[in-house]
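*Asks:* This is the structure alone, sequence omitted:
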């Protein structure tokens, strides 16, 4: 699904009429996984993958590109199942993170079940979901700060070395380091 071997980018853009996206996506080839997300707190800023942007260009969808973000700056922590089912959708997950202006996502559950020990509804703003084409819906914890990810994963995994190393290796310390688009 993603262009292997190249530096992948995610793109912030605006579009005159967002209904154009749905109309254009219906015409894309079946093998294109087209996805865009509206950036939280904006009325007209979207983020998309390179694959979707290329399809938009091929179909002459008029948009105004605002900025681009290197996908390697956004981190994803998988469970074994999410890694298996979502390996080809990494850029879509990273675009989802950017829609929340987040620097990382960690998979914390599947199909509404978590090992978190609390109700998601009490802190729902810290979570999102992504449904895999294979059918499972994965629950993701959103992180805006590296320290926040370290603390959360330390508690969630009871100090598991791999999880803590992942959190410490998140490329950005804060979402303030994300590319601006205004």
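*Replies:* Everything's here; your move. What you are looking at is a predicted structure, and each value in this text was computed from that prediction instead of being measured.
*Asks:* for this protein, what spans make up the strands?
*Replies:* 9-14, 36-38, 46-49, 64-70, 75-77, 104-110, 113-114, 127-131, 137-143 (DSSP state E).
*Asks:* With respect to burial, which of these scores highest?
*Replies:* Across the strands of the chain, averaging neighbours per residue (mean count of other Cβ atoms under 10 Å) puts strand 46-49 on top, at a mean of 26. Just so you know, the C-beta spots here come from the backbone N, C-alpha and C atoms, and that holds for glycine as well.
*Asks:* ok so, going back, mean pLDDT lowest where, among the strands of the chain?
*Replies:* Note on the strands of the chain: strand 113-114 shows the lowest mean pLDDT, a mean of 68.
*Asks:* so what are the domain limits for the chain?
*Replies:* 9-71, 72-177 (automatic domain parsing).
*Asks:* Could you tell me the least trusted of the ones you listed?
*Replies:* It's domain 72-177: among those, that one has the lowest mean pLDDT, namely a mean of 91.
*Asks:* and the residue lying closest to residue 103 once chain neighbours are set aside, what does it touch?
*Replies:* Closest residue to residue 103 apart from its sequence neighbours, by Cβ to Cβ, 6 or more residues apart in numbering: residue 172 at 4.4 Å. Going by Cβ atoms under 8 Å, 6 or more residues apart in numbering, residue 172 touches 73-74, 103, 146, 178.
*Asks:* Export those residues as JSON lines, with columns for neighbour count and distance to residue 136.
*Replies:* Shown next, in JSON lines, are the contacts of residue 172 (neighbours: other Cβ atoms under 10 Å; distance: Cβ to Cβ, whole Å):
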{"residue": "73", "neighbour count": "17", "distance to residue 136": "27"}
{"residue": "74", "neighbour count": "24", "distance to residue 136": "22"}
{"residue": "103", "neighbour count": "26", "distance to residue 136": "24"}
{"residue": "146", "neighbour count": "20", "distance to residue 136": "28"}
{"residue": "178", "neighbour count": "19", "distance to residue 136": "28"}
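*Asks:* Can you tell me which of those is closest to residue 164?
*Replies:* Proximity of the contacts of residue 172 to residue 164 (Cβ to Cβ) peaks at residue 146, which lies at 11.5 Å.
*Asks:* would you list the strands of the chain in JSON lines and tack on distance to residue 150?
*Replies:* Formatted as JSON lines, the strands of the chain follow (distance: least, Cβ to Cβ, whole Å):
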{"stretch": "strand 9-14", "distance to residue 150": "24"}
{"stretch": "strand 36-38", "distance to residue 150": "26"}
{"stretch": "strand 46-49", "distance to residue 150": "25"}
{"stretch": "strand 64-70", "distance to residue 150": "22"}
{"stretch": "strand 75-77", "distance to residue 150": "11"}
{"stretch": "strand 104-110", "distance to residue 150": "10"}
{"stretch": "strand 113-114", "distance to residue 150": "19"}
{"stretch": "strand 127-131", "distance to residue 150": "18"}
{"stretch": "strand 137-143", "distance to residue 150": "9"}
